[in-house]
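Asks: Okay, here's the prediction I keep looking at, along with the sequence it came from:
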Amino acid sequence: MKMLRVVGEKGNRLLAFAESADAGKRLDIIVMQILNENAKTKTAVSRSFVQRMIDDGMVLVNGAEKSKNHRVSPCESLDVVISEPRELLVLAEDISLDIRYEDNDLLVVNKPKGMVVHPAAGHAGGTLVNALLYHCADSLSGINGVKRPGIVHRIDKETSGLLVVAKNDNAHVSLAEQLSTRSMEREYRAVCHGTLNEERGVIDRPIGRDAKDRKKFSVASKGGKQAVTEYGLVRNYERYSHIFAKLHTGRTHQLRVHMASVGHPVAGDRVYGPRTTPAELGGQCLHAKVLGFIHPVSGLKMRFDSELPDYFLGFLSKLERKGFA
């Protein structure tokens, strides 16, 4: 495959232009070929590694994010961050887990606030993956690689609640497909700034990386991925509202970005909300309360409903004492 390559000024970006011979090829395959042909990439990269790069916004097509299965057209520009596929040594750690269900194919975990799901820069240990490696030994799917064994979906460090973990590749494929086709049920509870005037609402606005800060996400007029959040009012308080929200898509920071976009950022969210936050929260007041899916082997419908954690109940109690809107 012949493609024009130009390395950026800092040496960590690569610009390629697709030729007619590349028309119709998947984005992840072309990026994998580009990186493996590039002299600055010393280690061969895998397709799964490239797919994570695309999911993390490290690949732009004509300046916009696209999905890994995007079919490339001639003359499209590909802006790729050159990143070495370094896999961290992930150690098993004896960390207590709140397991709500477990069998030979999967387990459902109630993650506490403050726990990172998988190792990353600055969080090599103490993660959910470290705990899972100790609890499950070698019984975790390998589809997402060394750093994310068994991880089908994730929630933020400061978000608490339910996650399903795959113990084998067959279970992982089935659960990931349910997530992709939006048949997996996921309901959150949150406390947001401001009082809601409507009982229910739907936010259907695409989400992409923020043009000014690549570490953040925002609703995008173009280049973003479709994102749909359904929400409803549980109760209004003075200057705050307790809501439930159902995710019909699974974009990074989706609920936080969507609620901020309509003027109701999640309480305690210093990324998308006010910089001043209630001290007792220590992060966003957001809990993944309900998780439902079809069991990959038995075919049975499974649904789990976790209680609101102490930090959440404590904040509601404080709002209760202050009164309602």
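Replies: Cool, got the structure. Note that the structure is a prediction, hence the values are computed from the model and not measured. Numbers count the residues shown, from 1 in each chain.

Asks: So for residue 249, what's the nearest residue that isn't a sequence neighbour?
Replies: Counting by C-beta to C-beta, 6 or more residues apart in numbering, residue 249 lies nearest to residue 227, which is 4.8 Å off, once chain neighbours are set aside. Where C-beta positions appear, they are placed from N, C-alpha and C, glycine not excepted.

Asks: gap between the one you found and residue 267?
Replies: Using C-beta to C-beta, to the nearest Å, residue 227 is found at 21 Å from residue 267.

Asks: right, and residue 71 touches residue 25 too?
Replies: Yes - with contact defined as C-beta atoms under 8 Å, residue 71 counts as touching residue 25 (7.0 Å).

Asks: And stretch 164-175, end to end?
Replies: Distance between the two ends of stretch 164-175: 8 Å, counting by C-alpha to C-alpha, to the nearest Å.

Asks: Mind listing residues that contact it?
Replies: 104-109, 132, 136, 139-144, 150-153, 184, 291, 293-294, 296-297 (C-beta atoms under 8 Å, 6 or more residues apart in numbering).

Asks: change it to 6 Å
Replies: 105-108, 139-141, 143, 150, 152, 296 (C-beta atoms under 6 Å, 6 or more residues apart in numbering).

Asks: Go through that stretch and flag the buried ones.
Replies: For stretch 164-175, the neighbour count (16 or more other C-beta atoms under 10 Å) marks 164-168, 171-172, 174-175 as buried.

Asks: Kindly report the same for stretch 218-225.
Replies: Under the neighbour-count criterion of 16+ other C-beta under 10 Å, stretch 218-225 has 218-220, 223-225 buried.

Asks: Where is pLDDT lowest across those residues?
Replies: Lowest pLDDT among these: residue 223, with 72.

Asks: Look up how far residue 53 lies from the residue lying closest to that residue once chain neighbours are set aside.
Replies: Nearest residue to residue 223, sequence neighbours excluded (C-beta to C-beta, 6+ apart): residue 64, at 2.9 Å. Counting by C-beta to C-beta, the gap from residue 64 to residue 53 is 15 Å.

Asks: ok, the two, which is more surrounded?
Replies: Per other C-beta atoms under 10 Å, whichever of residue 64 and residue 53 has more neighbours is residue 53, with 22 against 14.

Asks: Helices of the stretch 101-250 of the chain, residue ranges please.
Replies: Using DSSP state H, counting those that start in this stretch, the helices of the stretch 101-250 of the chain run over 128-136, 169-180.

Asks: about what we covered before: in strands, which of the buried residues of stretch 218-225 appear?
Replies: 218-219 (DSSP state E).

Asks: how far does stretch 259-277 stretch from start to finish?
Replies: Terminal-residue distance, stretch 259-277 (C-alpha to C-alpha): 16 Å.

Asks: and this structure, what are its domains?
Replies: With domains defined by automatic domain parsing, the chain comprises 4-81, 87-181, 182-325.

Asks: Mean pLDDT lowest where, among those domains?
Replies: Per-stretch mean pLDDT for those is lowest at domain 4-81 (a mean of 76).

Asks: what distance separates that domain from the centre of its chain?
Replies: Taking C-alpha atoms, centre = their mean, to the nearest Å, one finds the center of domain 4-81 at 22 Å from the center of the full chain.

Asks: Please shift the residue numbers so they start at 815 in all later answers.
Replies: Happy to do that; since the first residue is 815 now, the last one works out to domain 818-895.

Asks: where does stretch 945-952 sit relative to the chain's centre, distance-wise?
Replies: On C-alpha atoms, centre = their mean, the centre of stretch 945-952 falls 22 Å from that of its chain.

Asks: what does that stretch contact?
Replies: Stretch 945-952 has contacts (C-beta under 6 Å, 6+ apart) with 906-909, 911, 964.

Asks: If any of those residues are buried, give me the ChimeraX selection for them.
Replies: A single ChimeraX command selects the buried members of the contacts of stretch 945-952 (16+ other C-beta under 10 Å):
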select :909,911,964
